[in-house]
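Visitor: my questions concern the predicted model and sequence given below.
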Amino acid sequence: MARQRISYVPLEQMDEKMRAEMERCARFGTPRPESSAVRAHHPTSFWFFANSWNDIMRNGIVDHAIKELCRVYVSRSVVCEFCGNQRSIKGAEAGLKETHYDDLINFEKSVKYDERQKAALAYAEAIVWRLDTDDAYWERMHKHFSEPELVELGCAIGLTLGQQSWLRMLNIDHHQVMAGTNASMAPGTENAEALAKTKASPDYWANRKAAPKKSAA
């Protein structure tokens, strides 16, 4: 296993408010405790992310399920295994099933998404891969989203892109902090043994690398 690059802050070194947020992470996930324990080295960063995630990702004006699809699209694109092996409980409650994640990289050709979801994923795609966009692209965005929604969705995608691009470098993994909970874990990753077995499978998603396009559709 690759060496971890930034350590986890022990719970006993956190104040009461931070420990309460860690308990929330263990109960509900997204984020899971490990990434929060890394951010705890710098409390301002810890709370910046926790508050932003709550205000922009879990809540806000854009359907949470759409933001969850975009979050996992980012995971599949930057190959952040830590984030890509999580699923939003709120997203599942909104109707997302595991099959909805299977076609994310090839979303335009998939029958699993409606036109609004495809537009959101095209937005994520253009941000992640830095694609050129034209008038037709923006007409599509404005057809499906208001300007406040485009701002929130853009911030949500940018937040998760930045964090996942960073976290993938740290070699952290699940079931290492506050182990024993499986909140928000993807199927086949519910405990350390299952996670190891899934990662060893030739069909594991992280072994199928995404490729950028040259321009947005």
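Guide: Sure thing, it's come through. Everything numeric in this text was worked out from a predicted model, so none of it was measured.
Visitor: what's stretch 87-96 in contact with?
Guide: With contacts defined as C-beta atoms under 8 Å, 6 or more residues apart in numbering, stretch 87-96 is touched by 28-30, 58, 63-65, 68-69, 71-72, 98, 101, 183-186. For the C-beta atoms, the positions are set from N, CA and C on the backbone; glycine is no exception.
Visitor: same question, stretch 149-163
Guide: So stretch 149-163 is contacted by 35, 49, 52-53, 56-57, 60-62, 66-67, 70-71, 74, 78, 83, 120, 123-124, 127-128, 141-142, 145 (C-beta under 8 Å, 6+ apart).
Visitor: where do the helices sit along this structure?
Guide: Taking DSSP state H as the criterion, the chain carries its helices at 16-28, 33-39, 43-52, 64-78, 81-84, 89-93, 115-129, 135-144, 147-167, 192-200.
Visitor: and the angle from the fourth one to helix 147-167?
Guide: Counting by axes from the mean of the first three to the mean of the last three C-alpha atoms, to 10 degrees, helix 64-78 lies at 40 degrees to helix 147-167.
Visitor: run through who's touching helix 64-78.
Guide: Residues contacting helix 64-78 (C-beta under 8 Å, 6+ apart): 56-58, 60, 80-81, 83-84, 87-88, 90-91, 94-96, 100-101, 104-105, 107, 113, 116-117, 120-121, 123-125, 128-129, 153, 156-157, 160-161, 164-165, 168, 205, 210.
Visitor: now do the residue lying closest to residue 184 once chain neighbours are set aside against residue 126, distance only.
Guide: For residue 184, ignoring the flanking residues on the chain, the nearest one in space by C-beta to C-beta, 6 or more residues apart in numbering is residue 29 at 2.5 Å. Distance, residue 29 to residue 126, by C-beta to C-beta, to the nearest Å: 28 Å.
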